[in-house]
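Peer 1: structure for the following, please:
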Amino acid sequence: MNIVRNKTPYLPLLLLTGAALLVHGYHPFAEDAEIYLPGIEKILNPRLFPVGREFFASHADLTIFPNLIAFSLRATHLRLTVGLFAWHLASIFLLLLACWQLCELLFPSARARWGAVCLIAALLTIPVAGSALYIMDQYLNPRNMAAFAAIFAVAGTLKKKAAQALLWLAVALSIHPLMAAYAISFCVLLAAMDWFMTRAEGTPASEMALALCCLLPFGISLVPPTSPAYHAAAMRHQFHYIQLWTWYEQLGAVAPVFLCWWFGRIASSRNWQRLALVCRTLLIYNLIYVMTALAVDLPARFESLARLQPLRSLHLLYMLLFLIMGGLLGEFVLKGKTLKWLTLFVPLSLGMFLVQRELFPASAHIEWPGIASRNPWAQAFLWVRDNTPADAVFALDPNFMQLPGEDTIGFRCLAERSRLADLSKDSGAVSMFPPLADEWWAQVQAQTPWKSFGAREFERLKRTYGVSWVVVEQPGVEGLGCRYQNTAVKVCAVP
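Peer 2: Numbers count the residues shown, from 1 in each chain. Model (predicted):
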């Protein structure tokens, strides 16, 4: 295949980054930000989080992410919100840049490359089967940064530049070890397939033998015991278990096998050798991880091994698959017809935009740094940050992130205060780190049933856990001295 490499279009990629932001939005303190941001805030202010640190430190201690972001904020003297926004934009741009550089190796024409990169930009927040992942989240987190590092590493592997590939894999590993493991396995498999196909012509039988040789060991013989508390946490994260996925989610894990085979046939017919290689490697890569997921998921005694999440491998697979799909669309369907490009990408982008508005209905689509939040829960959390002691300990409804209008805003990361364990994000930490299970379960049970709590129950939380403040929904609870209220919640001191 005759690949023509033009100058990298940095300015168009910057414009595409802005367009992606407008489509997918930005919510810096939503969802898993509750896990990742407190680690940064703790570095910037060591007085924060005297209680409950274990529920975010378990992740933070395995990555340089909080140290990297905290260092950049100190070096540039940027406010946290501004720094997070800048890093988020940089992550989108670097992902698109990595995709462009990879597509230069896969497709001979500019229209195919733009089709690939534009499709990725339009689908950043599309769900990845049943894995509870997007291609890129609407907020800064280590997965976003590991994503562009993985694509750069794949490009380096295809170019047979080992130093470049190893450097990017090291970056991914230092930022998100679990997601980096999938990138490492794919790059190793890609290099092995390249070597094998060159020397053995890649017959079906030899490819299957190679797949079996490359099957990653997951330590099934070393199964840690589970407890009722751990089981309760694990069942709140059913995306770890493929048999609990819906049929269409399971189809999303299996269908790529057939798509990779089909795209590989197209690439072979055009003599696009690198694209054919990537398609064949993706096919085997997906089969390996689907079989591994079944092996650790179906036997009940392997429950705790499911936390290794083999099917998070779909994240890299979906990125590469959409790149290939977009490249083929650009080459054979869209071509040079502007109307066709608009007919595909305008409705697609509008649909992704409307889905994001549905997910965050009470918040601005883009939560710009320095602009006051219109979400009443966020307003209450910000009041807490500005008007309560740094060592205050809070209690909230354990399921507060799932309440209507809350928009999955994290209390720890936005209010910068300690709270007792919740059912949403802290259970995720427990599902990955079983030793946290008993303490998590004890704290959740101590706050249950939250809806019927009165002043006496809050006093019990104060005696047991040192809770000094609570956030309750309107109309509040009698017997508490409430210092702040809005249309949704009250912030009250425990007597």
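
Peer 1: what segments of this protein are strands?
Peer 2: Per DSSP state E, the chain carries strands over the ranges 393-395, 418-419, 469-473, 481-485, 489-493.

Peer 1: adding distance to Phe239, mean neighbour count and mean pLDDT, write the ones you listed out as a markdown table.
Peer 2: (Each C-beta comes from the backbone N, C-alpha and C, glycine too.) Shown next, in a markdown table, are the strands of the chain (distance: least, C-beta to C-beta, whole Å; neighbours: other C-beta atoms under 10 Å; pLDDT from 0 to 100):
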| stretch | distance to Phe239 | mean neighbour count | mean pLDDT |
| --- | --- | --- | --- |
| strand 393-395 | 28 | 25 | 96 |
| strand 418-419 | 24 | 28 | 96 |
| strand 469-473 | 28 | 24 | 95 |
| strand 481-485 | 36 | 14 | 92 |
| strand 489-493 | 29 | 21 | 95 |
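
Peer 1: of these, which is nearest Ile135?
Peer 2: With respect to Ile135, and counting by C-beta to C-beta, the nearest of the strands of the chain is strand 418-419 at 30.5 Å.

Peer 1: helices or strands next to the closest one in the packing?
Peer 2: strand 393-395, helix 411-415 (3 or more C-beta pairs under 8 Å, 6 or more residues apart in numbering; DSSP states H and E).

Peer 1: please redo it, this time with the cut-off set to 10 Å
Peer 2: Using 3 or more C-beta pairs under 10 Å, 6 or more residues apart in numbering; DSSP states H and E, the elements in contact with strand 418-419 are strand 393-395, helix 411-415, strand 469-473.

Peer 1: possible to save the ones you listed as CSV with distance to Val51?
Peer 2: Formatted as CSV, these follow (distance: least, C-beta to C-beta, whole Å):
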stretch, distance to Val51
strand 393-395, 5
helix 411-415, 10
strand 469-473, 12
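
Peer 1: out of those, which comes closest to Ala129?
Peer 2: It is, among those and with distance given as C-beta to C-beta, helix 411-415, at 27.2 Å.

Peer 1: now do that closest one: distance to the chain's middle.
Peer 2: 19 Å (C-alpha atoms, centre = their mean, to the nearest Å).

Peer 1: what does stretch 10-29 give?
Peer 2: 17 Å.

Peer 1: give the buried residues for it.
Peer 2: 13, 16-17, 19-21, 23-29 (16 or more other C-beta atoms under 10 Å).

Peer 1: and that stretch, C-alpha only, in CSV?
Peer 2: C-alpha atoms of stretch 10-29 as CSV (Å, rounded to 0.1, in the frame of the first residue of the first chain):
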residue,chain,number,x,y,z
TYR,A,10,-2.7,20.6,13.9
LEU,A,11,-5.1,23.5,13.4
PRO,A,12,-8.0,21.4,12.0
LEU,A,13,-7.4,18.9,14.9
LEU,A,14,-7.7,21.8,17.4
LEU,A,15,-10.9,22.9,15.7
LEU,A,16,-12.2,19.4,15.9
THR,A,17,-11.3,19.3,19.6
GLY,A,18,-13.5,22.3,20.2
ALA,A,19,-16.3,20.7,18.2
ALA,A,20,-16.0,17.5,20.3
LEU,A,21,-16.3,19.6,23.5
LEU,A,22,-19.4,21.3,22.2
VAL,A,23,-21.0,18.0,21.3
HIS,A,24,-20.1,15.9,24.4
GLY,A,25,-20.0,18.6,27.1
TYR,A,26,-17.8,18.9,30.1
HIS,A,27,-18.7,18.0,33.7
PRO,A,28,-15.5,18.2,35.8
PHE,A,29,-16.9,16.8,39.1
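
Peer 1: out of the helices and strands packed on strand 418-419, flag the one nearest Arg53.
Peer 2: Going by C-beta to C-beta, the one of those nearest Arg53 is helix 411-415, 9.7 Å.

Peer 1: who are the neighbours in contact with Ala116?
Peer 2: 99-100, 102-103, 106-107, 320, 322-331 (C-beta atoms under 10 Å, 6 or more residues apart in numbering).

Peer 1: how about Ala20?
Peer 2: Counting by C-beta under 10 Å, 6+ apart, Ala20 touches 89, 92-93, 95-96, 118, 120-125, 136, 349, 352.

Peer 1: same deal with Arg312?
Peer 2: 128-129, 131-133, 143, 178-179, 181-182, 239-240, 289, 293.

Peer 1: quick check: the nearest residue to Leu16 once chain neighbours are set aside vs Gln485, distance?
Peer 2: Nearest residue to Leu16, sequence neighbours excluded (C-beta to C-beta, 6 or more residues apart in numbering): Ala121, at 5.2 Å. With distances defined as C-beta to C-beta, to the nearest Å, the gap from Ala121 to Gln485 amounts to 42 Å.

Peer 1: same question for Ile43.
Peer 2: For Ile43 relative to Gln485 (C-beta to C-beta), the value is 33 Å.

Peer 1: swap in Phe400?
Peer 2: 16 Å.

Peer 1: next: Gly351.
Peer 2: Taking C-beta to C-beta, one finds Gly351 at 38 Å from Gln485.

Peer 1: so where's the stretch 301-450 of the chain uncertain?
Peer 2: 301-307 (pLDDT under 70).

Peer 1: ranges for the helices of it?
Peer 2: Under the criterion DSSP state H, counting those that start in this stretch, the stretch 301-450 of the chain contains helices at 314-329, 338-359, 376-387, 411-415, 425-432, 437-446.

Peer 1: kindly calculate the angle that the third one makes with strand 469-473.
Peer 2: Between helix 376-387 and strand 469-473, the angle formed by their directions is 160 degrees, by axes from the mean of the first three to the mean of the last three C-alpha atoms, to 10 degrees.

Peer 1: now helix 376-387 - C-alpha only, PDB.
Peer 2: Provided in PDB are the C-alpha atoms of helix 376-387 (Å, rounded to 0.1, in the frame of the first residue of the first chain):
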ATOM      1  CA  PRO A 376     -28.600  23.100  43.300                       C
ATOM      2  CA  TRP A 377     -26.600  20.100  44.600                       C
ATOM      3  CA  ALA A 378     -23.400  21.600  43.200                       C
ATOM      4  CA  GLN A 379     -24.300  24.900  44.800                       C
ATOM      5  CA  ALA A 380     -24.700  23.200  48.200                       C
ATOM      6  CA  PHE A 381     -21.400  21.300  47.800                       C
ATOM      7  CA  LEU A 382     -19.600  24.600  47.000                       C
ATOM      8  CA  TRP A 383     -21.100  26.200  50.100                       C
ATOM      9  CA  VAL A 384     -19.800  23.400  52.100                       C
ATOM     10  CA  ARG A 385     -16.300  23.900  50.600                       C
ATOM     11  CA  ASP A 386     -16.300  27.600  51.400                       C
ATOM     12  CA  ASN A 387     -18.100  27.600  54.800                       C
END
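
Peer 1: show me what that helix is packed against.
Peer 2: helix 411-415, strand 469-473, strand 481-485, strand 489-493.

Peer 1: closest one to Thr76 among those?
Peer 2: Nearest of those (C-beta to C-beta): helix 411-415, 20.2 Å.

Peer 1: grab the longest helix from the protein for me.
Peer 2: helix 80-106 (DSSP state H).

Peer 1: buried residues, it. List them.
Peer 2: 80, 83-89, 91-106.

Peer 1: how's this protein carved up into domains?
Peer 2: As given by automatic domain parsing, the domain ranges for the chain are 10-30+78-336, 376-493.

Peer 1: and these as CSV, adding distance to Gln356?
Peer 2: Formatted as CSV, these follow (distance: least, C-beta to C-beta, whole Å):
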stretch, distance to Gln356
domain 10-30+78-336, 5
domain 376-493, 11
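
Peer 1: Gly52 is nearest to which of the ones you listed?
Peer 2: Nearest to Gly52, of the domains of the chain and by C-beta to C-beta, is domain 376-493 at 5.0 Å.

Peer 1: if anything else comes up later, I'll come back, but that's it for now.
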